Each structure stands twice: as C-alpha cells, then as structure tokens.
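> sequence unknown, structure follows:
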C-alpha cells in the first residue's frame, strides 16, 4: 500500500496577524509514502535533503510514534511546486505531509486536530500549518490547547505572489525582530487584524486597505529584502490592490486583488517591471480543502 498526500502552500501573517493568521493557496507539494523492509529512501528532492534529517521523514517518524505505527523503513517520493525558503510554507508542507502519511497507515488520515497539535509542536507555531491542514483562511491561538478557526471570506479574491530569485531563512528573518514593541504598535496591530477579519467576513473591501498594515514584523524584515520598499510602495499606490503584505517570513511579497480584476496581474507586472529583475509573478487562489490524502 502507498499513501499519497497533497499539501497546499500557505501564506502566513497576512500583515498584522503575526504567528496567528494564514491562508492556503493553490500551489502544492505532493508526497508518496511506502513502507519498506528497512532503511530510508527519499527521491525527488535535492540530494542534501535526502537523508534521515529530511523534515518530511522526521515528521513521519513523529507521526508514527504518536499513532503507534511500527515500521522497518520507508520510501518517500517528493514532487514540489512550492519554492523553498521563500515564505510560502514549504517546510509546513513537509511537516504536514509526513504526519498525515504516518497517520494514514493507521487509518487516521482525517484526524485533523491531532495532526494540527503534532504539527504545531514540530513547527513551533500554528499559523502556517493550520491552513495547510484545514484549508482556507485561518486564525489560531496557542493556549492550553491549540484553537484554529476558519474565517468565512465573503468576496472572491486573487493572491498575486511576487517571488524573488533569492531565499531568506526564517531564523535570520526572526533574528531582526525586536523583543518588545510599543503600546501604540501593539494596539495598532490588534486593531488592524480585527478590521482585516471583519472586512473579510463582511465583504468590506475598503477595510482591507487599512487592515493589512503591520507594525510588528514587516518594517524589520523588509530591510533584509532587496527592492522591498519600492515594490510595497507601488502596490500600495495601485488603487485596485486591496492589500499587500510580506508572506510568512519572506521574501515573497503578496498582493490581494478582486477576482474580477481580470487584468490585475498583467497591470501589476507592467507597473513593477523595473523592480522585478529575476522575480516570478504568480497568480494564486485560496485553497479551501487543505491537505488531501489518498491510498494507492
């Protein structure tokens, strides 16, 4: 028996929702798991990630321990669309897939809350793994238990990802963040995230323009990204852009447009052409399913 797990990319933080909010988008990594007599075989990924320190394998082992799955060895095939270390949740796809793969061999592939709990323990926070598990746009809180809820989005939107030709590690991106913030900035982010969520639920697009603004992480992380200020300035000047934000830890920058803005991507490419040397521009939609698991 083989287990196939398809996991969507995720775009976390959504501006003011630092370590809280995230959305699943239509870019996918697919993993196939097969139990073998012994050893670890990982194919389809760069050679440096094909050993036992592979994140998908580590997550599979954690899932096996959690469910009581005993195995001699495993073969993992990877097919990747999500760019590595670009702020689109590539590590989250690996973690979620590994856990789901192990759970599936025990008939528990749809135990999403248990999968979320374990994925959060591995990742450290739920904002990236939650939408990969539940799909859609999610908010999560870590307390005695991890609580994740989907936000019902009233209007139809498109996400335009500006993906640079360079990477940015989450460790470096977190290292530039201050340990404390002012009361003014804390209140600002609370109000912006509240407005963002309310605007998405009520279909109040004008509220999104303010709601995506952030004071906690983007001003600091932006300094690590060549061209960040120029790109953000032009996106914010486009009245058809409902919001823009740094995706995850960066360096990908995400813009949100209406679904009926059919020429939006072409227009943005033209407006930003001199800022996008080597950058890839990808139109995405919201994935509403989260991971999908099948037996082969």
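Looks like it came in fine. Here the structure is a predicted model, which is why all the values come from computation and not from measurement.

> now the helices for the stretch 101-250 of the chain?
Counting by DSSP state H, counting those that start in this stretch, residue ranges of the helices within the stretch 101-250 of the chain are 112-123, 129-134, 170-175, 183-202, 205-211, 218-221, 228-237.

> tell me how many other residues crowd the spatially closest residue to residue 229 that is not a sequence neighbour.
In space, and not counting its chain neighbours, residue 229 is closest to residue 222: 6.5 Å by Cβ to Cβ, 6 or more residues apart in numbering. All C-beta spots, glycine's among them, are computed from the backbone N, C-alpha and C. Using other Cβ atoms under 10 Å, residue 222 has 19 neighbouring residues.

> kindly report the same for residue 72.
9.

> show the contacting residues for it.
Counting by Cβ atoms under 8 Å, 6 or more residues apart in numbering, residue 72 touches 35-38.

> apply 10 Å and report the result again.
In this structure, residue 72 makes contact with 35-39, judged by Cβ atoms under 10 Å, 6 or more residues apart in numbering.

> before we move on, the earlier item: any idea which of the helices of the stretch 101-250 of the chain is most buried?
Scoring the helices of the stretch 101-250 of the chain by mean neighbour count under mean count of other Cβ atoms under 10 Å gives helix 129-134 as the most buried, with a mean of 30.

> which strands or helices does that one pack on?
Packed against helix 129-134 by the contact rule (3 or more Cβ pairs under 10 Å, 6 or more residues apart in numbering; DSSP states H and E) you find strand 2-12, strand 21-36, helix 90-105, helix 112-123, strand 137-142, strand 146-150.

> give the buried residues for the fifth one.
When neighbours are counted by 16 or more other Cβ atoms under 10 Å, the buried residues of strand 137-142 are found to be 137-140.

> ok, so of those, who is nearest residue 43?
Ranked by distance to residue 43 (Cβ to Cβ), the buried residues of strand 137-142 are led by residue 138 at 31.6 Å.

> I'd guessed the closest one sits against residue 152; true?
No - in terms of Cβ atoms under 10 Å, residue 138 does not count as a neighbour of residue 152; the distance is 11.3 Å.

> now for the lowest-mean-pLDDT helix or strand in the chain, which elements pack on it?
Averaged element by element with mean pLDDT, DSSP states H and E, the chain has its least confident helix or strand at helix 170-175 (a mean of 91). The helices and strands touching helix 170-175, judged by 3+ Cβ pairs under 10 Å, 6+ apart, are helix 218-221.

> which other helices and strands contact the helix it packs on?
helix 170-175, helix 228-237, strand 241-246.

> outside of the second one, which residues touch it?
With contact meaning Cβ under 10 Å, 6+ apart, helix 228-237 is reached by 160, 162, 164, 209, 212-213, 218-219, 221-223, 225, 241, 243-246, 250-251, 253-257, 268, 271-272, 274-276, 279.
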